[in-house]
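Peer 1: coords please:
(one chain, ligands or ions: 1)
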Amino acid sequence: MSKFFQIKSYFNHWLNVVDEHSIHSPFFFDLYNKVIKKADPDRSEFASIEELRANLLRNKTVVTINDLGAKSPHFKKENRLLSKIAETSLSPESYCRLYDRIIRYTEATQILELGTSLGITTLYLAHNKNTHVTTFEGSPSIINIALTHFERFKAANIELIEGNLDSELSDYLLNPAKLDFVLMDANHRYEPTMRYFNLLSRRMAEKGVIVMDDIHYSEEMNLAWKELSKHQLVYGSVDLFRCGILFFDPAMNRQHYIWSV
Ligand SMILES: C[S@@+](CC[C@H](N)C(=O)[O-])C[C@H]1O[C@@H](n2cnc3c(N)ncnc32)[C@H](O)[C@@H]1O
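Peer 2: Numbers count the residues shown, from 1 in each chain. Got it, this is the predicted structure:
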């Protein structure tokens, strides 16, 4: 990871951000105003999930993790404080709420998350009980913690698949159900990102979306984002800096935007 690269990307992003006056498509205009920029005045419905996050941020238990993704500098087993994992690995509340708004707005029901971690974002994705959320995690100690969280929240609409995405994802995708919302937040490297995308893109519903996390985290993630936002099956994209959204509906006519959250 290069800090210099991230700072340069951040400035580039802000130089290129556009607002609603530059949006010509009615779909993207609505998305911008009703989903991206919409403030959530009522925070109470997610209060219990945020209470759990706050507890994790204070939790000094040491867990042995086996991180298979690029966020860890070591791919071997590593001891980490739970508080540190909660601080560095999870999507922030504002993005979790954004994902919930996208799910509601697109009426997504079949949801997939690559990279469960402690399950905080998963609980947001599963907040609407009409959804079915499948989430993948490869680190056994983390899986056990996430499962206790799902049990505590009685989240019967979450299914956690244990194991390495490299071997498990293609089997899961044999399931013919089309995916409406996918959060790619596991292995933050170019090659696996492209490989997972190629598998996922064939299973996306026409109105489906893929959210890619950390698109400006490194040069290789930035390259993956640039290539995927121009992929032949992608008909629209929105770069929100922390994450990017890819759309698969041909009616979108290849619109690409850079917005601030
Ligand atoms: C950034 S965290 C996910 C954060 C979570 N989506 C959230 O917002 O709360 C990435 C997780 O993906 C898992 N992971 C990375 N590579 C993986 C792989 N190849 N197979 C399965 N899990 C993987 C890691 O163990 C880690 O817990």
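
Peer 1: what are the phi and psi angles of the residue nearest the centre of the chain?
Peer 2: Taking Cα atoms, centre = their mean, the centroid of the chain lies closest to residue 183, which sits 3.3 Å from it. Per-residue torsions, residue 183: phi -110, psi 110 (degrees, to the nearest 10).

Peer 1: Okay, strands next: where are they in this structure?
Peer 2: Assigned by DSSP state E, the chain shows strands spanning 62-65, 78-81, 110-114, 132-137, 158-162, 179-184, 204-213, 236-239, 243-247, 255-258.

Peer 1: pull the CA atoms of the second one into CSV?
Peer 2: What follows is strand 78-81, C-alpha atoms only, in CSV (Å, rounded to 0.1, in the frame of the first residue of the first chain):
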residue,chain,number,x,y,z
GLU,A,78,-1.3,-13.3,13.0
ASN,A,79,-2.5,-12.2,16.4
ARG,A,80,-4.6,-9.1,16.5
LEU,A,81,-6.7,-7.2,19.0
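
Peer 1: Residues in contact with that strand: which ones?
Peer 2: Strand 78-81 has contacts (Cβ atoms under 8 Å, 6 or more residues apart in numbering) with 59, 60, 61, 62, 63, 64, 65, 66, 67, 72. (Glycine included, C-beta is placed from N, CA and C.)

Peer 1: Only the buried subset of these, as a PyMOL command please.
Peer 2: PyMOL command restricting those to the buried ones, with burial defined by 16 or more other Cβ atoms under 10 Å:
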select buried, resi 59+63+65+67+72
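
Peer 1: now the contacts of strand 78-81 as TSV including distance to the ligand?
Peer 2: Shown next, in TSV, are those (distance: Cβ to the nearest ligand atom, whole Å):
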residue	distance to the ligand
59	15
60	19
61	16
62	16
63	11
64	12
65	6
66	7
67	5
72	8
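
Peer 1: Show me what from the chain comes close to the ligand.
Peer 2: Proximity of the chain to the ligand (Cβ under 6 Å from any ligand atom) is limited to residues 67-69, 71, 89-91, 113, 115, 117, 120-121, 136-139, 142, 164-166, 185-187.

Peer 1: Now restrict those residues to buried residues only.
Peer 2: 67-69, 71, 89-91, 113, 115, 117, 120-121, 136-139, 142, 165, 185-187.

Peer 1: For the stretch 51-200 of the chain, just list every one of the helices.
Peer 2: 82-88, 93-106, 120-125, 140-152, 165-172, 190-201 (DSSP state H, counting those that start in this stretch).

Peer 1: And the third one, what does it pack against?
Peer 2: For helix 120-125, the helices and strands in contact under the criterion 3 or more Cβ pairs under 8 Å, 6 or more residues apart in numbering; DSSP states H and E are helix 47-58, helix 93-106, strand 110-114, strand 132-137, helix 140-152, strand 158-162, strand 179-184.

Peer 1: still on that earlier bit, take the strands of the chain and lay them out in CSV including mean pLDDT.
Peer 2: Shown next, in CSV, are the strands of the chain (pLDDT from 0 to 100):
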stretch, mean pLDDT
strand 62-65, 93
strand 78-81, 92
strand 110-114, 98
strand 132-137, 98
strand 158-162, 98
strand 179-184, 98
strand 204-213, 97
strand 236-239, 97
strand 243-247, 98
strand 255-258, 93
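
Peer 1: okay, those in a markdown table with distance to residue 6 next?
Peer 2: Shown next, in a markdown table, are the strands of the chain (distance: least, Cβ to Cβ, whole Å):
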| stretch | distance to residue 6 |
| --- | --- |
| strand 62-65 | 23 |
| strand 78-81 | 22 |
| strand 110-114 | 22 |
| strand 132-137 | 26 |
| strand 158-162 | 31 |
| strand 179-184 | 19 |
| strand 204-213 | 14 |
| strand 236-239 | 14 |
| strand 243-247 | 14 |
| strand 255-258 | 16 |
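
Peer 1: closest one to residue 48 among these?
Peer 2: strand 158-162 (15.3 Å; Cβ to Cβ).

Peer 1: Could you list every helix and strand in contact with that closest one?
Peer 2: helix 120-125, strand 132-137, helix 140-152.

Peer 1: Quick check: buried residues in that strand?
Peer 2: 158, 160, 161.
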